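Visitor: coordinates only, no sequence provided:
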């Protein structure tokens, strides 16, 4: 009876699929014109050259960080993978101008939920690049990160990575 009242604790999945958080064109992380990302100093992942100014959740999970300037957001997937979405390059200098967050730290999110909207034209004008890295920041804690071979990507629709947690 108590189990019925309190429910069974949901077991964390070992493997998760990471969907595209933006619509646009796939860019290899090594091609990102910023050594912090291209040399994988923050972790492995992919990048997207966005064609529209909307970022959606690539996983079911929780928002663990929304940068004050709203140019970057951190998520924790149900299997423990931590994912950073960094909108454009050198966008922190825009001080949040042109960015609107639709979630806050602690928000529970599902694939496709809107996280941030931004003025793509303003980012093109003010930032070094609109290329948006999607980084798995805790790769050392995970078993594997497998990147999918895609070219044109639709947000919330196309799978870009598969992440396996350690057993």
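Guide: Noted; the coordinates are in hand. Keep in mind that this is a model prediction, so the values were computed, not measured. Residues are numbered from 1 along each chain as shown.
Visitor: what does the helix ranked longest in the chain rub up against?
Guide: If each helix of the chain is counted by residues according to DSSP state H, the longest one is helix 120-126. Residues from elsewhere that reach helix 120-126, judged by CB atoms under 8 Å, 6 or more residues apart in numbering: 50, 51, 52, 53, 87, 88, 91, 93, 94, 97, 98, 130. Every C-beta, even on glycine, is put in place using the N, C-alpha and C of the backbone.
Visitor: show me what counts as buried in that helix.
Guide: Burial within helix 120-126, assessed by neighbour count using 16 or more other CB atoms under 10 Å, is assigned to 120, 122, 123.
Visitor: still on that earlier bit, pull out the buried members of the contacts of helix 120-126.
Guide: Burial by neighbour count, judged by 16+ other CB under 10 Å, picks out 50, 53, 87, 88, 91, 94, 98, 130 from those.
Visitor: the fourth one against residue 70, yeah?
Guide: The one in question is residue 88. No. Counting by CB atoms under 8 Å, residue 70 is not a contact partner of residue 88; they are 11.5 Å apart.
Visitor: what touches both of the two?
Guide: If you check residue 88 and residue 70 against CB under 8 Å, 6+ apart, no residue is contacted by both.
Visitor: let me know the helix or strand that the most centrally placed residue in the chain is in.
Guide: Computing the C-alpha centroid of the chain and ranking residues by CA atoms, centre = their mean puts residue 85 first, at 3.7 Å. In this structure, residue 85 is located in strand 82-86 according to DSSP states H and E.
Visitor: try residue 37
Guide: With elements delineated by DSSP H and E, residue 37 resides in helix 35-38, which encompasses its position.
Visitor: run the chain-centre distance for that helix.
Guide: The chain centroid and the centroid of helix 35-38 are separated by 16 Å, computed with CA atoms, centre = their mean, to the nearest Å.
Visitor: which is the next helix or strand following that helix?
Guide: Following the chain from helix 35-38 toward its C-terminal end, the next helix or strand by DSSP H and E is strand 44-50.
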